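A.B. asks: how does the following fold in three dimensions:
(chains A and B)
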Protein chains: 2
Amino acid sequence: MPRTRAELVSQTGLTRAAVRTRLDALRDAGFLTDHGIRVSTGGRPAGRLAFNAAARSVLAADVGATHATVAVTDLAGGPLAMRRLSLDIADGPEPVLARLAETWRELVRDAGVSVSPAGVGIGLPGPVEHSSGKPNHPPIMPAWDGFDVPAHVRAEFGVPVLVDNEANLMALGEHAHSFPGTDHMIVVKVATGIGSGFISNGVLHRGAVGAAGDLGHIQAPGSDDAPCGCGNTGCLEAVASGSAIVARLRAKGVEAHSSADVVALVRAGNVEAGQAIRHAGRTIGEVLAACVSMVNPSLIVVGGDLAAAGEMLLAGVREAVYCRSLPLATENLRIVPSRAGEVAGVLGAAAMVVHHVLSPSVVDQQLG
Amino acid sequence: MPRTRAELVSQTGLTRAAVRTRLDALRDAGFLTDHGIRVSTGGRPAGRLAFNAAARSVLAADVGATHATVAVTDLAGGPLAMRRLSLDIADGPEPVLARLAETWRELVRDAGVSVSPAGVGIGLPGPVEHSSGKPNHPPIMPAWDGFDVPAHVRAEFGVPVLVDNEANLMALGEHAHSFPGTDHMIVVKVATGIGSGFISNGVLHRGAVGAAGDLGHIQAPGSDDAPCGCGNTGCLEAVASGSAIVARLRAKGVEAHSSADVVALVRAGNVEAGQAIRHAGRTIGEVLAACVSMVNPSLIVVGGDLAAAGEMLLAGVREAVYCRSLPLATENLRIVPSRAGEVAGVLGAAAMVVHHVLSPSVVDQQLG
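C.D. replies: Predicted structure coming up:
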């Protein structure tokens, strides 16, 4: 909302000199632009200043196992250009990050973005130590373990680089773009694996070492000790993920190789696939019911490849959550499909950067 | 930490006039006292001001089913006087609140507290809508349903009255007094029932309607569909709480009527009681493992009557949590007994009031 200098002095309690120094620096940096004249109540007309989202760009990418979504956004996180790439995360960090850098440069050129980037945000499909930006024993991308992603990318672009796991960024993207007023929400990603991001008091809850939201390795009730890639048995991911459903369907002689195949079978009315999705939804719901009792969200958003199966999956989730949670916690609980869809993660990567570069301490540091 | 006026101007960026107005008002209200003279670096010596915890008192109570802990503290939450009462929560709000009021008056008189109270904090053994302070369908205290506790108590003391459930206040008490630097922690209460409070990013996470931390009604793995008072089956509380253990021991012909009896039997080396406690710990640990995957705390504190059974209970909890969680989430996870013990709840009630009355918006309102 545009404001005059006098309004900022009165609203912040800062001195006129402090407000002037900061505003001049922000205007010199292009973060602020003139925004008309406030109708005066006496004295000389007061110029209003507004945030200028076009002052800088943000480079964002959401990297999955076999593809990435790459975007350039403005400083409000709004996309200016976006592209989807095929790649193989197992190639390791250097070739994959080189592909991202090349794509950002192409997008900037093609979209005619003339301003410099304020920061880079990257989502990866595995655990990331958020403070350092280094992947931490990521199961599907072992070559990335401990690789200093921020240092590598910063050497090229010279701006802050933030890295987080894809489920956290999906949650940030849905929160920033689709449900900005929702203080307590869980965003579940159901794809080849299962993960989630959790917004607490309006802020992403990363936990003590950034491992929060790890739904996929919670024990699923009635899971018959199915072996999981993590070394345990009976994990939710081992019984209700895209890969678990594919394995179950193939054991029944149904041809399927990916989450997309499962969704296509469900849409074509295949009974086994429909039952498998409904069952997976119910099992995910049983695990989510425990999370609902623990954190009492007002909203659960279900996204990821398998969410394309739509109401068949959601119906199972709702059935189990509403059955297993106390009335007080579910009275106003909504369970909805993803709104941002495939681009939730890349929008979340941009939102993470915007939040960082506009935080008061970082702004002060840049102005100093 | 004591500060001079000039230091406050420089550290807050507020104008000298704004700092002076607020400090004068806070000093007039007695919240600040002179705290020596800072060694000058030139110019005249600068008087330092410090927070005066003795300026006001706080009235706090932690009410259980059959007893209450009542305290008067200073503005830092430090207890000035404390007493434990027997009472019956089922008598309903008016007689119970009258007992609390009478006890606060006696404690104030006996301890010679001459300053007026800044606020009242009350913990109750059931769900409370924190924004209104009204109990919401509390199972063991139906006569309290929807009763306006804050309005009733405020009519007597004329100060802000805050109400929350006992598990949230235990968490606030442990966080404020025993583990102040811990940003992500779960405090579990194992007594007649089972509940928990959850600190996220250093702040109590109450959830959308204040129902967060409800561990007791999460489905326990392998719970054999034991019927629970909530209307569901297989809840953790139905198989691992004090009352569930008492029922199991009595079914085996072991004489026990309360959590205290169970603890006494364990201490006396009774094999059935020991096995029952260890099994309860393991079951609680299995449910906590799901919470660990979801919120990634660095600390779990186990309190409540049954925690007096000590390592017998904790060993079972640790066994299941470490078995069922991913290495990243448990690498630095500690599982410890309550430090504040019986008084965690009443200290948390005081901490909740201190936090409220010293928050900037409430201070500004009082000064206005």
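A.B. asks: which parts of chain A are helices?
C.D. replies: A:5-12, A:16-28, A:93-111, A:149-157, A:166-177, A:236-240, A:242-251, A:259-267, A:271-295, A:311-324, A:327-330, A:344-357, A:360-367 (DSSP state H).
A.B. asks: to B:H130, which of these lies closest?
C.D. replies: Proximity to B:H130 (CB to CB) singles out helix A:327-330 among the helices of chain A, at 12.2 Å. No exception for glycine: its C-beta is placed from N, CA and C like everyone else's.
A.B. asks: list the helices and strands that closest one packs on?
C.D. replies: helix A:271-295 (3 or more CB pairs under 8 Å, 6 or more residues apart in numbering or on different chains; DSSP states H and E).
A.B. asks: could you rerun that using 6 Å?
C.D. replies: Judged by 3 or more CB pairs under 6 Å, 6 or more residues apart in numbering or on different chains; DSSP states H and E, helix A:327-330 is in contact with no other helix or strand.
A.B. asks: send me it as CSV with only the CA atoms.
C.D. replies: C-alpha atoms of helix A:327-330 as CSV (Å, rounded to 0.1, in the frame of the first residue of the first chain):
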residue,chain,number,x,y,z
PRO,A,327,-14.7,-33.3,16.7
LEU,A,328,-13.1,-30.0,17.9
ALA,A,329,-10.1,-30.5,15.6
THR,A,330,-12.1,-31.3,12.5
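A.B. asks: which outside residues touch it?
C.D. replies: Helix A:327-330 is contacted from outside by A:292, A:296, A:322, B:127, B:136, B:211, using CB atoms under 6 Å, 6 or more residues apart in numbering or on different chains.
A.B. asks: for chain B, what are the nearby residues on the stretch 51-200 of chain A?
C.D. replies: Residues of the stretch 51-200 of chain A that fall close to chain B, judged by CB under 6 Å from any CB of the partner chain: A:127, A:136, A:184, A:200.
A.B. asks: recalculate using a threshold of 8 Å.
C.D. replies: Contacts of the stretch 51-200 of chain A with chain B, taken as CB under 8 Å from any CB of the partner chain, map to A:127, A:136-137, A:183-184, A:196, A:198, A:200.
A.B. asks: buried ones from the residues you listed, can you make that a PyMOL selection?
C.D. replies: The following PyMOL line selects those of these that are buried, judged by 16 or more other CB atoms under 10 Å in any protein chain shown:
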select buried, chain A and resi 127+136+183+184+196+198+200
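A.B. asks: among the residues of the stretch 51-200 of chain A next to chain B, which two are most distant?
C.D. replies: Greatest spatial distance in those: A:H137 and A:D183, 32.0 Å, computed using CB to CB.
A.B. asks: any regions of the stretch 201-350 of chain A where pLDDT drops low?
C.D. replies: Along the stretch 201-350 of chain A, no part satisfies pLDDT under 70.
A.B. asks: swap the cut-off to 90 and go again
C.D. replies: Residue ranges of the stretch 201-350 of chain A with pLDDT under 90: A:209-210, A:221-232, A:305, A:308-311, A:324-332.
A.B. asks: hmm, back to that, so of the residues of the stretch 51-200 of chain A next to chain B, which ones are in strands?
C.D. replies: Judged by DSSP state E, these include A:196, A:198, A:200 as members of strands.
A.B. asks: phi, psi of the one residue in the stretch 251-368 of chain A that gets nearest to chain B?
C.D. replies: Across the stretch 251-368 of chain A, no residue is closer to chain B than A:N296, which sits at 2.6 Å (CB to the nearest CB). With angles defined as degrees, to the nearest 10, A:N296 sits at phi 50, psi 60.
A.B. asks: then A:P125?
C.D. replies: Dihedral angles (degrees, to the nearest 10) for A:P125: phi -90, psi 60.
A.B. asks: and the gap between it and B:A143?
C.D. replies: A:P125 sits 53 Å away from B:A143, going by CB to CB, to the nearest Å.
A.B. asks: neighbour-wise, which of the two wins?
C.D. replies: Neighbours per residue (other CB atoms under 10 Å in any protein chain shown) separate A:P125 from B:A143, with A:P125 holding more: 27 against 15.
A.B. asks: what pairs with A:S200 across the strands?
C.D. replies: A:V203 (DSSP bridges).
A.B. asks: tell me the contacts of it?
C.D. replies: Neighbouring residues of A:S200 by CB atoms under 8 Å, 6 or more residues apart in numbering or on different chains: A:183-184, A:295, B:200-201, B:205.
A.B. asks: how about the contacts of helix A:327-330 in a markdown table, adding distance to A:I277?
C.D. replies: Shown next, in a markdown table, are these (distance: CB to CB, whole Å):
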| residue | distance to A:I277 |
| --- | --- |
| A:V292 | 21 |
| A:N296 | 27 |
| A:Y322 | 18 |
| B:P127 | 35 |
| B:N136 | 36 |
| B:A211 | 30 |
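A.B. asks: what's the burial count for the nearest residue to A:L249 once chain neighbours are set aside?
C.D. replies: Leaving aside its chain neighbours, A:L249 sits nearest to A:A256 (4.6 Å; criterion: CB to CB, 6 or more residues apart in numbering or on different chains). Residues near A:A256, counting by other CB under 10 Å, number 23.
A.B. asks: quick one: residues contacting A:A256.
C.D. replies: A:A256 touches A:245-246, A:249-250, A:262, A:265, A:273, counting by CB under 8 Å, 6+ apart.
A.B. asks: try it again with 6 Å
C.D. replies: A:246, A:249, A:262.
A.B. asks: most neighbours, which of the residues you listed?
C.D. replies: Most surrounded of the contacts of A:A256: other CB under 10 Å gives A:V262, at 28 neighbours.
A.B. asks: so that one sits against A:I245, correct?
C.D. replies: Yes. Using CB atoms under 6 Å, A:V262 is in contact with A:I245, at 5.3 Å.
A.B. asks: which residue, other than its chain neighbours, is closest to A:P127?
C.D. replies: Using CB to CB, 6+ apart, the closest residue to A:P127 is A:N136 (4.7 Å).
A.B. asks: whoops, I mixed them up, A:I140
C.D. replies: Distance criterion CB to CB, 6+ apart; nearest residue to A:I140, sequence neighbours excluded, is A:A65 at 5.7 Å.
A.B. asks: what residues are up against the residue nearest the centre of chain A?
C.D. replies: Note on chain A: the residue nearest the mean C-alpha position is A:L169, at 1.8 Å, using CA atoms, centre = their mean. Shown in contact with A:L169 (CB under 6 Å, 6+ apart): A:123, A:345, A:348-349.
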